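Undergrad: any chance you could fold what I've pasted below:
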Amino acid sequence: MDTVAVSSLLMVYNWPVGSDRYNRVARFVNALFGKIDLLQQPIRHPKWRETAIGATIPGLQRFKAAEDWLAQANQTQAVETKSLREADKTQLYNEFLEWRRRVGR
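TA: Below is the predicted model of the structure:
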């Protein structure tokens, strides 16, 4: 059966940084991007789970506030991932020491 799919894109005017309208759109970006995980939960409409806030569109420039939010989120995620890896290493090493103590080596 032939079907038709339509993608959606949220676009805004590129207001000058620091202007009142830029600040309003920036607040909206922070609110939407900061809660996107809540909107993608099963109790919400299934279309929210198709949302990809980090997707790029060739030829289009991302709004600066959105770019800044994504950069900050990526940096935070990288730090959390590194911390998690360090915690995993420490836990694994402690388990090894415990095993070694139990087997008497």
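
Undergrad: residue 95: neighbouring residues, count only.
TA: Number of residues near residue 95 (other C-beta atoms under 10 Å) recorded here: 10. In short, each C-beta sits where N, CA and C put it, glycine included.

Undergrad: mind pulling up the pLDDT for it?
TA: With respect to pLDDT, residue 95 has a value of 88.

Undergrad: now it: how far from residue 87?
TA: 13 Å (C-beta to C-beta, to the nearest Å).

Undergrad: repeat that for residue 34.
TA: For residue 34, the distance to residue 87 - C-beta to C-beta - is 25 Å.

Undergrad: kindly list the longest helix within this structure.
TA: In the chain, with assignment by DSSP state H, the single longest helix is helix 64-103.

Undergrad: so, low pLDDT: which residues of this protein?
TA: 105 (pLDDT under 70).

Undergrad: from residue 15, how far out is the spatially most central residue of it?
TA: Note on the chain: the residue nearest the mean C-alpha position is residue 73, at 5.7 Å, using C-alpha atoms, centre = their mean. In this structure, residue 73 and residue 15 are 22 Å apart, going by C-beta to C-beta.
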